[in-house]
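Undergrad: next input, structure requested:
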Amino acid sequence: MAKGWFNLESASSVVPENQFFEGDSAFKFLGLSRTTRLYGFIGCMAVGFILSILGAVVMFLGQLGIFAVLYVMGTIVSLIGTGFLIGLKLMFKPVRVVATIVFLASIVLVLVGAFVLNSDILCLIFVIIEYLAYTWYSLSYIPYARAAVTKAVGL
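TA: Below is the predicted model of the structure:
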């Protein structure tokens, strides 16, 4: 067993299971420990980030289709990473269902903007909508974060 400050297994009596891992992991059937789930989350987030950055580089080189594929793959891999920690069922809780639907629809719309409409501007707008929806979705996991952001923005 690993020792040190990053050992989540030894903290099981100190840190409640639901503090970091609110729901069941989407990969519960694999029987992964909390540490392994955290590594899966970090790995997926890193790969997703790299794919999205590569997509952004390719977009500036004028390759809209490759950008859309890389960016959407990065988003989906990052979303799978959240499945390691909290599962995917929590996405559709009433508090975050609207943000989830807008987020998932914008993923599809990025591909539609790139391949069907062949529009750089629309594709970029859909990416911005996706980013904002994902941010609003993520804030729903932090107590009072949405209220604080709404107040800070002045809405």
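Undergrad: quick check: Val98 vs Ile53, distance?
TA: 28 Å (C-beta to C-beta, to the nearest Å). Glycine gets a C-beta too; all of them are placed from N, C-alpha and C.
Undergrad: scratch that, Ser33 is what I was asking about
TA: Spatial separation of Ser33 from Ile53 under the definition C-beta to C-beta is 30 Å.
Undergrad: who touches the residue minimising distance to the centre of the chain in this structure?
TA: Computing the C-alpha centroid of the chain and ranking residues by C-alpha atoms, centre = their mean puts Leu79 first, at 4.0 Å. Leu79 makes contact with 48, 88 under the criterion C-beta atoms under 8 Å, 6 or more residues apart in numbering.
Undergrad: mind checking which helix or strand it is in?
TA: With secondary structure defined by DSSP states H and E, Leu79 is part of helix 64-85.
Undergrad: ok, which stretches of this protein are strands?
TA: Using DSSP state E, no strands are assigned anywhere in the chain.
Undergrad: and the longest helix along it with helix 64-85, angle?
TA: Looking only at the chain and at elements set by DSSP state H, the helix with the highest residue count is helix 34-60. For the pair helix 34-60 and helix 64-85, the angle between their directions (axes from the mean of the first three to the mean of the last three C-alpha atoms, to 10 degrees) equals 170 degrees.
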